[in-house]
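# coords please:
(chains A and B)
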Amino acid sequence: MSDFTAQTGSVPRTSEGEAGFGDYVALLKPRVMSLVVFTALVGLLVAPGGVSPMIGFTAILFIALGAGASGALNMWYDADIDAVMKRTAKRPVPAGKVPAGEALSLGLWLSVISVAMLGLATNWIAAGLLAFTIFFYAVVYTMWLKRSTPQNIVIGGAAGAFPPVIGWAAVTGDVSLASILMFGLIFMWTPPHFWALALFMKSDYHKADVPMLTVTHGRAETRKQILIYTILLAPVALGLAFTSVAGPVYLATAVVLNAIFLKGAWDIWRRDEAMAEADEYAVEKKVFRFSLFYLFLHFGALLADALWRLI
Amino acid sequence: MPLVETHEIHKRRFGRNFGTALCLIGFCAIVFGLTIAKVREGSLLEAHDHQPRASALPITEEISQ
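Numbers count the residues shown, from 1 in each chain, chains lettered A, B, ... in the order given. Have a look, this model is predicted:
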């Protein structure tokens, strides 16, 4: 301690590079975690059978921690491209607050701990799915697809779609049609949600050599792809209404929300860049904001139907 | 002048150590709570004591219709 005290005034390098606790939390991408927690919780609560509150809490906690681990691994590997993009330059690794090696070891240790604890708390099917999700996000998406194909968002979106399946498996120990449709709902929702954002956010992915659809295939093609994926999303969302986990609340919600989302995607497809720039991407921004509510309300409706059945 | 100068780095290190301590305490609490939950929901255990018991034998009788 004494040697450290002696250094405080004279070695600014340590002072600049020393990470606080919040920097390590930032490595876990807490905003992404909130979506993971919500969808995994719904998957866990609507699954037949149920678990004790303590086991359910532990399952959600370690599913979230597993998602955080994959976020840390992503930040370790992507430090080079994060450094050149304005949106990500302040992340702990490119900002020089956390050494890349620490991000890697945090990601690896949290992966091991989260998978082992989920397996011990619930079952090894759920733990295996969590391990696969971490692998998929860190290796398949981050290391491979993100830098090689404009379809990176589509296939990489699978990693974000797994949490309700894991939540379901934590209770039942299996994968069912309902949990696959919950996966499909998030999987098909991700491309239109992200591409609507990409249309009005002038990102600097090209500086980092990351192939994004808006850059590689143009904005007109992106608009068409948004419509295609929204059309494909609707039957998946409505199909979930006819499984055992859904009820009248979900069916009504899905019908209304998918009609609105389809109308929004249609409006985006009908526009060109001149029209979009004239009103400062008003439609694209509206559809993006709506897409956030879309997913939240679908899973919220599943929860409402589960509560309805309990009453 | 105080002997130990308080520096911003002390605060950051304290925050990091405090956060780590809370995580460890939380982890211990979770393992404890999980153990209690598992023991409560588990069925009664019967250890093998080298004595034949009805409950430890396989069912051999056919179930009558």
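# per-residue pLDDT of the residue of the stretch 51-200 of chain A found nearest chain B, please?
For the stretch 51-200 of chain A and chain B, the shortest gap (C-beta to the nearest C-beta) falls at A:Met54, measuring 3.9 Å. Heads up, the C-betas are built off the backbone N, CA and C, glycines and all. According to the prediction, A:Met54 has pLDDT 94.
# surely it and B:Val39 touch.
No - if you go by C-beta atoms under 8 Å, A:Met54 and B:Val39 don't touch, sitting 11.1 Å apart.
# which one of these two is surrounded by more residues?
When neighbours are counted by other C-beta atoms under 10 Å in any protein chain shown, A:Met54 comes out ahead of the other of A:Met54 and B:Val39, with 19 against 9.
# which element is the more buried one on?
With secondary structure defined by DSSP states H and E, A:Met54 is part of helix A:53-77.
# residue 36: which element?
No chain was given, so I picked chain A. For A:Val36, the enclosing helix or strand under DSSP H and E is helix A:30-46.
# please go with chain B instead
With elements taken from DSSP H and E, the one containing B:Ile36 is helix B:8-41.
# which helices and strands does that helix pack with?
helix A:12-17, helix A:21-27, helix A:53-77, helix A:100-121 (3 or more C-beta pairs under 8 Å, 6 or more residues apart in numbering or on different chains; DSSP states H and E).
# how about those helices, which one is nearest A:Lys202?
A:Lys202 sits nearest to helix A:53-77 of all those, at 22.8 Å, using C-beta to C-beta.
# just checking, next helix/strand downstream of the closest one?
Moving toward the C-terminus from helix A:53-77, the next helix or strand (DSSP H and E) is helix A:79-84.
# distance between that next one and the chain's centre?
The gap between where helix A:79-84 is centred and where its chain is centred comes out at 20 Å by C-alpha atoms, centre = their mean, to the nearest Å.
# and it, what's buried?
Neighbour counts over helix A:79-84 (16 or more other C-beta atoms under 10 Å in any protein chain shown) mark A:79, A:81-82 as buried.
# hang on, the earlier thing: and the residue of the stretch 51-200 of chain A closest to chain B, what is it in contact with?
The neighbourhood of A:Met54, defined by C-beta atoms under 8 Å, 6 or more residues apart in numbering or on different chains, consists of B:33-34, B:36-37.
# ok, so of these, who is nearest chain A?
B:Ala37 (3.9 Å).
# would you mind measuring from the residue nearest to A:Tyr205 when sequence neighbours are not counted to A:Leu177?
Nearest non-adjacent residue to A:Tyr205, counting by C-beta to C-beta, 6 or more residues apart in numbering or on different chains: A:Met212, 4.6 Å away. When distance is defined by C-beta to C-beta, to the nearest Å, A:Met212 is 33 Å away from A:Leu177.
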